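Q: Please work out how this folds:
(chains A, B and C)
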Amino acid sequence: MLAPLVLDLLGTFFFAISGSLLAARRGFDIIGSLLLGSLTGLGGGVIRDVILGVTPNAFANPVYLAPPVVAAVLVFFLSGTVARLPRTLLVFDGGGLALFCITGTVIALEHGANPIAAGVLGVTTAVGGGLLRDVVANRDPQLFDPHDLYAVPAMLGAALIVVVWSLHGYNPWTEAAVAALVFAFRMLSLRFRWHVPLAAVSRHPA
Amino acid sequence: MLAPLVLDLLGTFFFAISGSLLAARRGFDIIGSLLLGSLTGLGGGVIRDVILGVTPNAFANPVYLAPPVVAAVLVFFLSGTVARLPRTLLVFDGGGLALFCITGTVIALEHGANPIAAGVLGVTTAVGGGLLRDVVANRDPQLFDPHDLYAVPAMLGAALIVVVWSLHGYNPWTEAAVAALVFAFRMLSLRFRWHVPLAAVSRHPA
Amino acid sequence: MLAPLVLDLLGTFFFAISGSLLAARRGFDIIGSLLLGSLTGLGGGVIRDVILGVTPNAFANPVYLAPPVVAAVLVFFLSGTVARLPRTLLVFDGGGLALFCITGTVIALEHGANPIAAGVLGVTTAVGGGLLRDVVANRDPQLFDPHDLYAVPAMLGAALIVVVWSLHGYNPWTEAAVAALVFAFRMLSLRFRWHVPLAAVSRHPA
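A: Below is the predicted model of the structure:
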């Protein structure tokens, strides 16, 4: 389909930027930036491929290592500029989320996963790298921020791709439409602080 | 043997409840509750199956996704009640521990793991989900609480199953006996604050 | 080649010591010491083998469980002495790093990984166990300490092994030379506080 490799590399780049930006904000060094960017950009896909039982793309095809290297270099030289743009990390993270919930689901379907497992693996691909980023950086994961419906756009995107795929309607146009929808949903949810109900309808203190 | 799928789903449910309860206590939203419950309930088994080199149950059989969904819904509606019962999270966690040290060991043995590896994988299955839960929730893992011998009942259960299996004595009755023993051991250890020696016989401050 | 099993077990032992020492410093109990030492000593290799799609050494060969057991027992009895020697944890960690960047790269090459993937897997093996140790112990990973170029010696070692291997020069002598070089580099970097530039050339506060 439409250059899945290109989309996957672009998603890797977006997430790697978010990892390297976090490294810069936490005062890590350039190697830490490269490692955290790599883990963020490649981690979700590696988990997906290990669960699918195939050699992870990042290790089968060395071109996957290019986006994290470019990201670490860009953050190194441009982070002064980038830091003046608010929510930069969130925008890049949202771009990665929109692409990875699609490529993750499609790769799982191509490897014969059942539709439900494919959707779950798409979401895992989309949120896995960011979760690893926050866990190894020792901070509360963005994924669990109750003021932010982080995972919901990825769930919607993965579900749409499963439906479109099963209707034999997966093509570059539907792919692009789902990516745009997920990204717009994510950005609007940040702008208007959309959120979902808390885990418990309780009145007791935490 | 006796409905291993049922026991595995029940263990998944118990651990998922512990994950969703933690999400509720930490103020996560309902999606965070579902994700943390899923990670807790399914994580240990996914690690085991990835190490065994087989498609993880949670992705081969969509029915494994039902317990976390039910757990998140139950916690959403009942957590006010549940919060008034002390140690609820620990009781559910203990139930999952008792079932998973058995099903994890048996699944490893069925896939041809050597007895020692099978026991280690049984313990990994039993403690892995809870460890992932605590790590992604960014808190000190219960597994390392020195006032609590968390892993010991799971080690005992896995070892007993390996012995019973090698003596060709594995059947529903021995299975139920080991599960009851591990659960009772776990509950008594909490009640009477049993613990094991510290990592070091040292007199220096930390 | 020269007893790769022996080198791998020695590296496992060094990392297991670092995990059990951290457990002692954090006040974990003896079981927590065994589990954290096992995760530190075996975790990097398990990640490597899972990515390579082979049964992890630690589960294929029970002898890999011996180093963590010995480490936990040694730390239990000797940590009073060890605690008086400064930087003990760092020395053992450095020994594991030097051995694992070699054995990890070689194992990946032997399983047919491309040279770049093999180098990345060698670094993953070398830094993975320590990263897991710090993540589950809920502390900022040593890997990201900007005052310490932790990963650089492992990257150098893995790159040298890939070069030596592709020149058909891999033998016990080159192996020992690379191990000694990586260990010396690591120790000197700690002694003289060598470091690399930060992730960003920015002047804004974090």
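Q: Need the phi and psi values for A:H168.
A: phi 60, psi 30 (degrees, to the nearest 10).
Q: Look up how far chain B lies from it.
A: From A:H168 over to chain B the distance is 22 Å, taken as CB to the nearest CB, to the nearest Å. Just so you know, the C-beta spots here come from the backbone N, C-alpha and C atoms, and that holds for glycine as well.
Q: Please work out how many residues are found near that residue.
A: A count of nearby residues for A:H168, using other CB atoms under 10 Å in any protein chain shown, gives 7.
Q: And the pLDDT at it?
A: With respect to pLDDT, A:H168 has a value of 94.
Q: cool, A:Q142 as well?
A: 89.
Q: these two touch, right, A:V75 and A:S20?
A: Yes: using CB atoms under 8 Å, A:V75 is in contact with A:S20, at 4.0 Å.
Q: Mutual contacts of the two, please.
A: A:33, A:37, C:199 (CB atoms under 8 Å, 6 or more residues apart in numbering or on different chains).
Q: which stretches of chain A have low pLDDT?
A: In the predicted model, chain A carries pLDDT under 70 at residues A:1-3, A:80, A:82-86, A:202-206.
Q: give the contact list for A:D8.
A: Going by CB under 8 Å, 6+ apart, A:D8 touches A:45, A:57, A:64, A:99-100, A:103.
Q: What distance do you get for it to chain C?
A: Distance, A:D8 to chain C, by CB to the nearest CB: 17 Å.
Q: who has more neighbours, A:V75 and A:S20?
A: Ranked by neighbour count (other CB under 10 Å), A:V75 and A:S20 place A:S20 first, with 36 against 29.
Q: Can you verify that one is assigned to a strand?
A: No: assigned with DSSP: H, G, I helix; E, B strand; the rest coil, A:S20 falls outside any strand and is helix.
Q: That one touches A:S38, doesn't it?
A: No: applying CB under 8 Å, one finds A:S20 not in contact with A:S38, separated by 9.2 Å.
Q: any residues in contact with both of the two?
A: Common contacts of A:S20 and A:S38, defined by CB under 8 Å, 6+ apart, comprise A:P68.
Q: Please indicate which of the contacts of A:D8 has the highest neighbour count?
A: Of the contacts of A:D8, with other CB under 10 Å as the count, A:F100 tops at 35 neighbours.
Q: Tell me which residues touch that one, please.
A: By CB under 8 Å, 6+ apart, the contact list for A:F100 reads A:8, A:11, A:15, A:44-45, A:122, A:125-126, A:129, A:154.
Q: Chain C contacts on chain A?
A: Chain A has residues A:20, A:23-33, A:35-36, A:46, A:50, A:53-56, A:58-60, A:62, A:65, A:72, A:75-77, A:79-80, A:83-84, A:135-138 near chain C, with proximity defined as CB under 8 Å from any CB of the partner chain.
Q: any idea which of the contacts of A:F100 is the one closest to chain B?
A: Each of those was scored against chain B by CB to the nearest CB, and A:A154 proved nearest at 10.2 Å.
Q: Who are the contact partners of the closest one?
A: Shown in contact with A:A154 (CB under 8 Å, 6+ apart): A:97, A:100-101, A:122-123, A:126-127, A:182.
Q: Quickly name whichever of those is closest to C:L90.
A: Using CB to CB, A:V127 comes nearest to C:L90 of those, at 34.5 Å.
Q: how about the one helix or strand that closest one maps to, does it reach chain B?
A: Using DSSP states H and E, A:V127 falls within helix A:115-136. Yes: Helix A:115-136 lies within reach of chain B by CB under 8 Å from any CB, at A:116-117, A:120-121, A:127, A:131, A:135.
Q: burial count for A:V70?
A: As a burial measure, A:V70 scores 15 neighbours (other CB under 10 Å).
Q: To clarify, my last question referred to A:T55.
A: 17.
Q: tell me the SS of it?
A: Applying three-state DSSP: A:T55 is coil.
Q: Now it: closest residue in space that isn't a chain neighbour?
A: Among residues not flanking A:T55 along the chain, C:G53 sits closest, at 6.2 Å (CB to CB, 6 or more residues apart in numbering or on different chains).
Q: so what's that neighbour up against?
A: The contact partners of C:G53, taken as CB under 8 Å, 6+ apart, are A:53-55, B:53.
Q: rerun that using 10 Å as the cut-off
A: The contact partners of C:G53, by CB atoms under 10 Å, 6 or more residues apart in numbering or on different chains, come to A:49-50, A:53-56, A:59, B:53, C:111.
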